[in-house]
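Asks: With the input below, show me the fold.
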Amino acid sequence: MDEQTLREAVRADAPRIRSDLERLVALPSIAFPGFPREPLNAAAELVIGLLRDAGAPSVRAVEVPDEAPSVLAEWPGSPTVLLYAHYDVQPASHDGWIGDPFEPVLRDGRLHGRGAADDKSGIAAHLAALRAWAGKPPVGVKVLIEGGEENGRQRLARVVEADPDLMRADLMVICDDGNWKLGEPTLTESLRGHGKLTVELSTLGTALHSGQFGGAAPDALLALVRMLATLHDDDGAVAIEGLQDGDWPGAELPEADFRRQAQVLDGVALIGEGSVADRLWAKHAISVLGLDAPGVEEAGNIVIPSARAKVAVRVPPHADPVRSMEAVRRHLEERVPWGAHVRIEVQPASTPIALDGESRAAERALAAAYGTPVARMGSGGSVPLVATLREAYPDAAFVLWGAQDSDHARIHAANESVSLDEVAAIALAEALLLRELAG
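Replies: Below you'll find the predicted structure:
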């Protein structure tokens, strides 16, 4: 099948791409504790049906221990390409959303709804690419759609370990990323690892009246804030000894673009040191994700006896994630104020990844789909399964791309959306990639 035929097939498929994505987004498939299992099962069944409609000769649910099922479809052939995405999504409160997060709405060419970009757009792109080939791709294809990526439990790794041949492929296409700028084709060359620490400080046996005891009784929340503040210097750079930071060797991310994409307020400085690309892709980043302490509205006049925080650590490529997490833990333990009692639980960091242009065929296909040269950028985020697959299949090449864009997608936030044009472009890139590999 020639390139023009594939282009026309994807273009004609636009109504089906939108329909697939709307049906997927309408399911609140949240794989976090406390959320119902039924929408996850419904999403898995929908994906199975959509893959059958796309011509899959074999498609089935893959049971994952203590997790929602994943879905695996297979077309025999050689070489073999694995196309990955996930159907589970982040939780979505109604705060800040225009409309219901699970009632997809099209505005100005963008489909809005939780999971529209991350990562149900990846599923829609895979389906459209396979339909462009009329369900008969010219090479072997496996489609893996995970049901528990967002919660970080990484339980699919147990399936990979138990049955290494299940997902074996020559090329792994991870469609859970996106372009650095809307309409600018991008291949991701690195992923940071991601670990977390839960830090709890206790100073008193009970809450105390702040008028009677304040000024002498040590407040646990104040102690915790003081300790967390030591994680960064006055410029916002990470201030922890022993971390293995580097310099980004590739294309720079212009500060003006980053400020716009991050919606940094006028007059507010960026934090850290080095280039923007260094800070995002080659250095550690530490964030405080949450605090357990009295809320402002219900706060009483008390000295607080205990407080807790969750701290996230992003680990850059070529750094040892175990060493990084230990350095952060040690730093916090050595800076506990006033002899407070401290308890720290460490969630190990996933392994960071450096890909370094593993597939020139993917670059050619992506450039052809967009009609413009491809940018090679890093990613500050993490896709833990990539490290698992890379370890299990060391001879496989990896490609990271997707329809998410840094300008407007707002993944994990209110009013998440995806450009349907970007979904179609990534679908075309995948169809062209299969053609490249067949040739």
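
Asks: Run through the helices of the stretch 251-400 of the chain in chain order.
Replies: Counting by DSSP state H, counting those that start in this stretch, the stretch 251-400 of the chain has these helices, from start to end: 255-262, 276-277, 321-333, 360-370, 384-392.

Asks: which stretches of the chain have low pLDDT?
Replies: 357 (pLDDT under 70).

Asks: so the residue located most distally from the centre of the chain is in which element?
Replies: Counting by C-alpha atoms, centre = their mean, the extreme residue of the chain relative to its mean C-alpha position is residue 212, 48.2 Å from that point. Element membership for residue 212, per DSSP states H and E: helix 210-213.

Asks: does residue 149 really touch residue 118, like I thought?
Replies: No. Using C-beta atoms under 8 Å, residue 149 is not in contact with residue 118, being 9.2 Å away. For the C-beta atoms, the positions are set from N, CA and C on the backbone; glycine is no exception.

Asks: These two - which one has more neighbours?
Replies: Between residue 149 and residue 118, counted using other C-beta atoms under 10 Å, the more crowded position is residue 118 (28 against 25).

Asks: So what's the residue count around the spatially closest residue to residue 319 that is not a sequence neighbour?
Replies: Spatial nearest neighbour of residue 319, chain neighbours left out: residue 244 (4.0 Å); criterion: C-beta to C-beta, 6 or more residues apart in numbering. Using other C-beta under 10 Å, residue 244 is surrounded by 15 other residues.

Asks: Quick check: residue 244 is in a helix.
Replies: No. Per DSSP: H, G, I helix; E, B strand; the rest coil, residue 244 lies outside any helix segment and is coil.

Asks: wait, isn't residue 120 in contact with residue 88?
Replies: No. Look at residue 120 against residue 88 with C-beta under 8 Å: they stay out of range, at 9.6 Å.

Asks: More neighbours: the two, which one.
Replies: The neighbour comparison of residue 120 against residue 88 (other C-beta under 10 Å) goes to residue 120, with 33 against 28.

Asks: Contacts only, for that one.
Replies: Applying C-beta atoms under 8 Å, 6 or more residues apart in numbering, we find residue 120 in contact with 21, 24, 25, 85, 87, 89.

Asks: Among those, which ones are in strands?
Replies: Counting by DSSP state E, the part of the contacts of residue 120 found in strands is residue 85.

Asks: Just give me the longest helix of this protein.
Replies: Longest helix in the chain by number of residues, with DSSP state H as the criterion: helix 420-438.

Asks: Check which helices and strands that helix sits against.
Replies: Other helices and strands packing on helix 420-438, by 3 or more C-beta pairs under 8 Å, 6 or more residues apart in numbering; DSSP states H and E, are helix 3-12, helix 14-25, strand 80-86, helix 120-132, strand 171-175, helix 360-370, strand 397-401.

Asks: possible to save the ones you listed as CSV with distance to residue 197?
Replies: Converted to CSV, the helices and strands packed on helix 420-438 look like this (distance: least, C-beta to C-beta, whole Å):
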stretch, distance to residue 197
helix 3-12, 45
helix 14-25, 33
strand 80-86, 25
helix 120-132, 30
strand 171-175, 27
helix 360-370, 36
strand 397-401, 27
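
Asks: can you list the domain ranges for the protein.
Replies: The record's domain parsing of the chain by automatic domain parsing lists 3-191+352-438, 194-246+283-347.

Asks: mind giving me a markdown table with these and columns for distance to residue 260?
Replies: Shown next, in a markdown table, are these (distance: least, C-beta to C-beta, whole Å):
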| stretch | distance to residue 260 |
| --- | --- |
| domain 3-191+352-438 | 8 |
| domain 194-246+283-347 | 19 |
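
Asks: Could you identify which of those is most buried?
Replies: Stretch with highest mean neighbour count among those: domain 3-191+352-438 (a mean of 20; mean count of other C-beta atoms under 10 Å).

Asks: Make sure residue 329 is actually in contact with residue 345.
Replies: No. Assessed by C-beta under 8 Å, residue 329 is found out of contact with residue 345, at 9.5 Å.
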